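Colleague: Sharing a model that was predicted from the sequence below.
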Amino acid sequence: MLKITLKKSLIGFNGKQRKTVKALGLGKLDSWVLQADSPQIRGMIKKVTHLLQVEQLEEPVEGEVQ
């Protein structure tokens, strides 16, 4: 899982970058979302990496006691 946080404002960036951020599920500054780690999500992140903070989270194994 990836925790993706919007760290910079979208003001001044082009429409494609705004749409990419919205497609990731982000809206306001400092909002965050959990996304599955897939090639499609990684590609979207690569296009707007200058606006985001991305953290790799460990997925709990099914049946594991926390």
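Modeller: Nice, thanks for sending it over.
Colleague: Buried residues, stretch 43-60. List them.
Modeller: Buried residues in stretch 43-60, counted by 16 or more other CB atoms under 10 Å: 44-45, 48, 51-52. Quick note: C-beta positions are derived from backbone N, CA and C, even for glycine.
Colleague: Closest to residue 31 out of the residues you listed?
Modeller: Among those, residue 52 lies closest to residue 31 (CB to CB), at 10.9 Å.
Colleague: show me what contacts the closest one?
Modeller: Contact analysis of residue 52 by CB atoms under 8 Å, 6 or more residues apart in numbering lists 4-7, 21, 26, 45.
Colleague: returning to that earlier point: now the buried residues of stretch 43-60 as JSON lines including distance to residue 33 and secondary structure?
Modeller: JSON lines is the format used below for the buried residues of stretch 43-60 (distance: CB to CB, whole Å; DSSP: H, G, I helix; E, B strand; the rest coil):
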{"residue": "44", "distance to residue 33": "12", "secondary structure": "helix"}
{"residue": "45", "distance to residue 33": "11", "secondary structure": "helix"}
{"residue": "48", "distance to residue 33": "13", "secondary structure": "coil"}
{"residue": "51", "distance to residue 33": "13", "secondary structure": "helix"}
{"residue": "52", "distance to residue 33": "10", "secondary structure": "strand"}
